[in-house]
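Asker: quick one, structure for this:
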Amino acid sequence: MTEPGDRNDGSPGRIAIVGGGISGLATAFFLSESLDPSEAEIVLLESSSRFGGLIRSESTREFLWEGGPDSFVSHKPEALALCQQMGLEEDLVRTPPRHRQAYVLCGGDLYPLPMTRSAFVRTPLLSWKGRLRAVLEPLVPASGQNDESVSDFVVRRLGREVSRKIFEPLVVGVYGGDPAQLSIRSTLPHLYQAERTRGSLTKALLQMVEPLKSKGSGKKKESLVALNKGMAELVRRLVKTLPDRVELRLEAPVTEVTRQAGRFQVQVKGVREDFDTVILATPASSSAPLISSAFPEIAQLLQAVPYVSAVIVAFGYDQEVLAGRIGTGFLVPPSEGRIMSACTWVNHKFPGRCPEGHDLLRCFIGGEEAGKWMSCDDEELVDRIRSELKAILAVTREPISRKIYRWQTALPQYRLGHHGRIEQLNRQLDSIPGLHLVGNFLDGVGISDCIRHARSVSEAVKEA
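Answerer: So this is what the prediction gives:
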């Protein structure tokens, strides 16, 4: 093993990747591809007993349960490309065209989420005043502000009704946060850029739901993509591919990262190990305490990224409780007073998730509401969700199976000023050669975003 101060050949040397979620695994894969074994020794350290982080797929009683993200979007190519590299192209599944419609709950009824310009103008989800206000959007001048909240931005551009009935459920359902606190520049950068370039806000809005549209245009048609055996199949394939080049360790908690004489000291299960490069692939809230003593400025910036909890409650039925319904599910605006933020009709979204003649529903609770249900009794939670399903979908049948998943730090929140904090964070990292961060708290929360960050960090390590 190289001793402190001995390595001066410019190679990455001994590399520690802290965190075995998709960010850490993808980083390990890209490094193993680009670095010769003589250049680097790669060690991946995961504190828990399993790899994958929030990605968790389980099969019981012929139901396929997803405890975390259930898909990715094809217009961000990184996840699709990695699946193809892993030999999973034949296992990719997409939402059938006839089910590419989502709904919004309003006043107790479900309305189609407008997915075309004409549907947006005609939707009964909005009053005539709300539709007229949205149509006048091109006449609204740009604000010139460096940043503003998602709510303020949408109300200013498209009106309060569009914000409350369309944007709020979309943002809460995807990001789990409060639109009044989230940054438009960081959370929905394509909308922020559309205003600055005098583009169409309506067109940018429709791009958010493009993957769910029943009709696409040409080869650029976007869609939601999943894996036949669940998203954890990508994790399993990465773990199977890596051992030849990467030392994988489970139940290897890291408690501190310091630096001395040009090398990093990583405390693993109470034992100090020396590394030349350290890549933190853990949530910002977990990375901050690891480096707080050695790099307090970076730790402080990481601590400024808040997280919200998420709760998923899924039910499997031995009959078609969705008989006659078309679509992938529905979103719930906070103003509806429900605890669920969204409900996915799983076997409509991706066929084969349950036996023929059965149905699988997955209910999502996000944000502040999820925090209230993190430690409650399971039966109380199940009763509440079933009550809401009965009121909304008239589902009265007893499920034959169920799953509950609770995530304490599920989704990072890109609050106002996030863009500037990340720029400051990157400047700080530039002054500490060999220390890198990767994860969904930077500038994108999806699986493809995590993989993009992983590739970028691996390239930076190779070029250092």
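Asker: can you tell me which residues contact the residue nearest to residue 289 when sequence neighbours are not counted?
Answerer: With CB to CB, 6 or more residues apart in numbering as the criterion, residue 289 has its nearest non-adjacent residue at 7.2 Å, and that residue is residue 299. From N, CA and C alone the C-beta is placed, and that goes for glycine too. Residue 299 is in contact with 287, 288, 289, 291, 292, counting by CB atoms under 8 Å, 6 or more residues apart in numbering.
Asker: for the residues you listed, which one is nearest residue 464?
Answerer: Nearest to residue 464 among the contacts of residue 299: residue 291, at 18.5 Å, using CB to CB.
Asker: and that closest one, how close does it get to residue 425?
Answerer: 12 Å (CB to CB, to the nearest Å).
Asker: which neighbours do those two have in common?
Answerer: residue 298.
Asker: before we move on, back to that, can you select the buried ones from the contacts of residue 299 in ChimeraX?
Answerer: Restricted to buried positions by 16 or more other CB atoms under 10 Å, the ChimeraX selection for these reads:
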select :287,288,291,292
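Asker: which stretches in the stretch 51-200 of the chain count as helices?
Answerer: Secondary structure of the stretch 51-200 of the chain (DSSP state H, counting those that start in this stretch): helices at 77-85, 117-122, 128-135, 150-158, 160-162, 168-175, 184-187, 189-196.
Asker: and those: which comes nearest residue 58?
Answerer: helix 77-85 (19.9 Å).
Asker: tell me where the stretch 201-350 of the chain has helices.
Answerer: Under DSSP H, counting those that start in this stretch, the stretch 201-350 of the chain gives helices at 201-208, 232-241, 284-291, 296-303, 346-349.
Asker: so which of these comes closest to residue 450?
Answerer: helix 232-241 (11.2 Å).
Asker: elements contacting that closest one?
Answerer: Using 3 or more CB pairs under 8 Å, 6 or more residues apart in numbering; DSSP states H and E, the elements in contact with helix 232-241 are helix 22-34, helix 77-85.
Asker: deepest of those helices, which one?
Answerer: Mean neighbour count, computed with mean count of other CB atoms under 10 Å, is highest for helix 22-34 among the helices and strands packed on helix 232-241, reaching a mean of 25.
Asker: and the angle from it to helix 232-241?
Answerer: Comparing the axes of helix 22-34 and helix 232-241 via axes from the mean of the first three to the mean of the last three CA atoms, to 10 degrees yields an angle of 40 degrees.
Asker: got a list of contacts for whichever helix or strand comes after helix 22-34?
Answerer: Following helix 22-34 in sequence order, the next helix or strand is strand 40-45 (DSSP states H and E). By CB under 8 Å, 6+ apart, the residues outside strand 40-45 that reach it are 11-20, 24-25, 28, 31-32, 35, 242, 245-249, 252-254, 266, 268, 273, 275, 277.
Asker: among the residues you listed, which are in strands?
Answerer: Those of the contacts of strand 40-45 mapping onto strands are 13-18, 246-249, 254, 266, 268, 273, 275, 277, per DSSP state E.
Asker: can you get me the start-to-end distance on stretch 128-146?
Answerer: Taking CA to CA, to the nearest Å as the measure, stretch 128-146 stretches 32 Å from start to finish.
Asker: now swap in stretch 158-176 and tell me
Answerer: 22 Å.
Asker: which regions of this structure sit below the pLDDT cut-off?
Answerer: 1-11, 198-222 (pLDDT under 70).
Asker: tell me the domain ranges of it?
Answerer: With domains defined by automatic domain parsing, the chain comprises 13-53+230-305+415-463, 71-77+84-99+307-412, 117-208.
Asker: now the ones you listed as TSV including distance to residue 59?
Answerer: Output for those, formatted as TSV (distance: least, CB to CB, whole Å):
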stretch	distance to residue 59
domain 13-53+230-305+415-463	8
domain 71-77+84-99+307-412	10
domain 117-208	25
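Asker: of all the ones you listed, which one is nearest residue 223?
Answerer: Using CB to CB, the nearest of the domains of the chain to residue 223 is domain 71-77+84-99+307-412, at 4.7 Å.
Asker: gap between the two ends of the closest one?
Answerer: First-to-last distance for domain 71-77+84-99+307-412 - CA to CA - comes to 18 Å.
Asker: stretch 241-255 now?
Answerer: For stretch 241-255, the end-to-end distance is 28 Å (CA to CA).
Asker: in it, which of the residues would be classed as buried?
Answerer: For stretch 241-255, by 16+ other CB under 10 Å, it's 241, 242, 245, 246, 248, 252, 254.
Asker: against residue 274, how distant is residue 268?
Answerer: 11 Å.
Asker: residue 371 now?
Answerer: With CB to CB as the criterion, residue 371 and residue 274 are 40 Å apart.
Asker: quick check: closest non-adjacent residue to residue 270.
Answerer: The shortest distance from residue 270 to any residue other than its chain neighbours is 7.5 Å, reached at residue 255 (CB to CB, 6+ apart).
Asker: isn't the one you found right next to residue 272, touching?
Answerer: No. Using CB atoms under 8 Å, residue 255 makes no contact with residue 272, being 10.4 Å away.
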